[in-house]
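Enquirer: Predicted model and sequence follow; I will ask about them next.
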Amino acid sequence: MGRSPQPLVRVDDRLGALHIGRMILREASWLSLLVSTRGTVLSRIWLRIVLITLVALVITWLHLEEGWFERSLTPLPFTLIGLALGIFLGFRNNTSYDRFWEGRKLWGALVNASRSLTRQILTLIDLRAEASAGKTPDPVHRELVHRHIAYVHCLRHHLRDQREALPELSELLSASELSALEAEHNRPVALLQWQADRFVELFRNGSISEYHLPVLEASLTELTGIQGGCERIKSTPIPYSYTVLIHRLVAFYCFALPFGIADAVGMFTPLVALMVSYAFLGLDAIGDEIEEPFGLDVNDLPLTTLSRMIEVNLRQRLGEHPLPPLMTAEDGWPADLARAPIASAPPAERQTRSWPAGPRCRSSRSFSPSEARRRSLSRGRWTSGAPAPPTRPGNLRGCRWK
């Protein structure tokens with residue numbers, strides 16, 4: 001049965017786990033989509049919309065009550081600029097979504113490559129030579145698969161610049177490997193190198209045949225290509241000058257719009273300005289959010305969920321039990337914020353403790369979801385208490401973070 005595994009995906013991203021899977025479920029009615037604010041960009045742009053609406057209110061009042069702006073602009077310039085601006089925003093959002101979808105395809109390839117490499121390790125590596133030398137075959141397979149699980153989590157940390165998350169790999173790597181990783185600039189590449197070195201060692205003692213070694217090397221090469229694709233997306237953002245130009249054009253258009261429509265629309269000018277600014281500012285914010293698919297924004301890729309799925313799949317192939325729970329989502333919100341057993345628990349208890357069904361929290365001070373995410377990032381764990389029901393926005397408000 002082996003030792004009980006510890007979950008490598010803690011509220012890891014200590015903030016990222018709060019948005020796990022938020023993009024995955026789309027089962028909602030037409031009316032609920034109209035009124036929903038969860039997972040939307042409204043939280044990022046509402047202040048700008050309010051400011052533009054207030055400016056429109058002031059301009060409308062001065063125009064109708066004080067007689068200002070009698071010689072207002074005609075709507076024609078705004079029609080022409082709005083058409084061009086819509087084309088620019090559409091092009092930018094298409095570019096951002098291409099980056100997002102390419103990142104998802106790369107992580108899908110990582111899932112497949114991980115399963116294939118594990119199958120190759122368990123079937124192509126003949127450990128009779130290891131057994132004859134007095135070693136149990138299972139620990140060698142376990143070592144190789146655990147190192148690959150560590151690689152998956154390490155790649156996630158690498159893409160999110162979470163170098164402080166290295167202690168989370170202590171259940172998968174030896175103390176010497178953890179110490180050596182500290183000085184590595186590109187830790188996932190180092191893990192692939194160590195995996196290749198171990199394959200060569202097994203080849204030299206006869207555990208891997210000369211026909212199977214190239215197959216294992218091809219799997220490592222595929223993983224290197226996947227990592228390179230992810231790093232290319234991360235290190236090559238949309239050109240800054242293009243982003244600045246779009247931001248400036250959107251801001252200028254929205255603030256200047258009331259001057260062009262006040263005479264024709266009259267008292268409805270603030271309402272029109274609100275609707276137009278929501279459309280343009282929203283499209284602009286969406287492009288910003290999905291441009292970097294590996295980040296921690298609401299609609300970024302759920303790398304923590306994917307990492308946990310790979311870990312569970314690979315641990316199950318080793319016959320380990322109990323397994324960490326898969327992270328699921330309900331109505332676009334995470335249903336499981338399972339954490340590792342408390343580090344101070346005795347080793348025997350950590351080995352036999354079953355996985356928690358959900359986060360542990362107790363009723364206390366109320367936090368908004370954004371404040372809860374910030375506190376989870378800075379402090380890092382739930383206060384112990386009774387398990388909470390599946391997490392939804394309302395549940396976050398009743399938890400105290402510690």
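Expert: Now that the structure is in, tell me what you want to look at.
Enquirer: Give me the neighbour count for L281.
Expert: 22 (other C-beta atoms under 10 Å). C-beta here means a position set from N, CA and C on the backbone, and glycine is covered the same way.
Enquirer: ok but it is inside a helix, no?
Expert: Yes: counting by DSSP: H, G, I helix; E, B strand; the rest coil, L281 is located in a helix.
Enquirer: so what's it up against?
Expert: Neighbouring residues of L281 by C-beta atoms under 8 Å, 6 or more residues apart in numbering: I45, R48, I49, V250, C254.
Enquirer: Quick check: the second one is in a helix.
Expert: Yes: with three-state DSSP as the criterion, R48 is part of a helix.
Enquirer: quick one: which helix or strand includes the residue nearest to R147 when sequence neighbours are not counted?
Expert: Spatial nearest neighbour of R147, chain neighbours left out: Q195 (5.6 Å); criterion: C-beta to C-beta, 6 or more residues apart in numbering. In this assignment (DSSP states H and E), Q195 forms part of helix 187-204.
Enquirer: Give the other helices and strands that that helix contacts.
Expert: With contacts defined as 3 or more C-beta pairs under 8 Å, 6 or more residues apart in numbering; DSSP states H and E, helix 187-204 has these neighbours: helix 137-159, helix 175-182, helix 213-235.
Enquirer: What residues sit buried inside the first one?
Expert: Just to be clear, that refers to helix 137-159. 140-159 (16 or more other C-beta atoms under 10 Å).
Enquirer: now swap in stretch 75-92 and tell me
Expert: F78, I81, G82, L85, F88, L89, R92.
Enquirer: next one: that stretch to chain centre, how far?
Expert: Relative to the centre of its chain, stretch 75-92 is centred 32 Å away, using C-alpha atoms, centre = their mean, to the nearest Å.
Enquirer: List the contacts of that stretch.
Expert: Residues outside stretch 75-92 that contact it (C-beta under 8 Å, 6+ apart): 238, 242-243, 245-246, 249-250, 253, 256-257, 260-261, 264, 276, 280, 283-284, 287.
Enquirer: which of the contacts of L281 count as buried?
Expert: Buried members of those, scored by 16+ other C-beta under 10 Å, are I45, R48, I49, V250, C254.
Enquirer: can you list these in a markdown table and add pLDDT and distance to R119?
Expert: Formatted as a markdown table, these follow (pLDDT from 0 to 100; distance: C-beta to C-beta, whole Å):
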| residue | pLDDT | distance to R119 |
| --- | --- | --- |
| I45 | 92 | 47 |
| R48 | 94 | 51 |
| I49 | 94 | 52 |
| V250 | 94 | 50 |
| C254 | 93 | 55 |
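Enquirer: Can you tell me which of these is nearest S207?
Expert: I45 (58.4 Å; C-beta to C-beta).
Enquirer: Show me the contact partners of the helix or strand containing that closest one.
Expert: Using DSSP H and E, I45 sits within helix 42-65. If you take C-beta under 8 Å, 6+ apart as the criterion, helix 42-65 is touched by 37, 68-69, 72, 254-255, 257-259, 262-263, 266-267, 269-270, 272-274, 277-278, 281-282, 285, 289, 370.
Enquirer: Which of those residues fall in helices?
Expert: 254-255, 257-259, 262-263, 269-270, 272-274, 277-278, 281-282, 285, 289, 370 (DSSP state H).
Enquirer: where in the stretch 1-150 of the chain is pLDDT low?
Expert: Scanning the stretch 1-150 of the chain for pLDDT under 70 picks out 1-28, 69-72, 128-137.
Enquirer: redo that, cut-off 90
Expert: Applying pLDDT under 90 to the stretch 1-150 of the chain flags residues 1-44, 61-84, 86, 88, 126-139.
Enquirer: low pLDDT regions in the stretch 251-400 of the chain?
Expert: Those would be 258-267, 288-289, 296-299, 319, 321-400, if you go by pLDDT under 90 across the stretch 251-400 of the chain.
Enquirer: ok, now with 50
Expert: Where the stretch 251-400 of the chain drops to pLDDT under 50, the residues are 329-400.
Enquirer: Which parts of it are helices?
Expert: Remark: helices of the stretch 251-400 of the chain, listed N- to C-terminal, are 269-291, 303-317, 347-352, 369-379, 393-396; assignment by DSSP state H, counting those that start in this stretch.
Enquirer: and A56, how many neighbours does it have?
Expert: Neighbours of A56 (other C-beta under 10 Å): 27.
Enquirer: roughly how far apart are it and H153?
Expert: 49 Å (C-beta to C-beta, to the nearest Å).
Enquirer: now G90
Expert: 37 Å.
Enquirer: returning to that earlier point: tabulate the contacts of L281 (a markdown table), appending distance to S32.
Expert: Converted to a markdown table, these look like this (distance: C-beta to C-beta, whole Å):
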| residue | distance to S32 |
| --- | --- |
| I45 | 21 |
| R48 | 25 |
| I49 | 21 |
| V250 | 28 |
| C254 | 28 |
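Enquirer: Among those, which one sits closest to M309?
Expert: I45 (32.8 Å).
Enquirer: quick one: contacts for the closest residue to L144 other than its chain neighbours?
Expert: The shortest distance from L144 to any residue other than its chain neighbours is 4.9 Å, reached at I121 (C-beta to C-beta, 6+ apart). For I121, the contacting residues are H141, L144, V145, H148, L216, by C-beta under 8 Å, 6+ apart.
Enquirer: gap between A180 and S174?
Expert: Distance from A180 to S174, by C-beta to C-beta: 9 Å.
Enquirer: ok, now L191?
Expert: 12 Å.
Enquirer: again, but for L155
Expert: Distance of L155 to S174, computed by C-beta to C-beta: 19 Å.
Enquirer: Count the neighbours of V50 for me.
Expert: Neighbours around V50, by other C-beta under 10 Å: 12.
Enquirer: hang on, the earlier thing: L191 and S174: which has the busier surroundings?
Expert: A count of neighbours by other C-beta under 10 Å puts L191 above the other of L191 and S174, at 25 against 12.
Enquirer: Now do the same contact list for the residue lying closest to P167 once chain neighbours are set aside.
Expert: Of all residues not flanking P167 in the chain, L178 sits nearest, at 7.7 Å (C-beta to C-beta, 6+ apart). L178 makes contacts with L166, P167, L169, S170, as judged by C-beta under 8 Å, 6+ apart.
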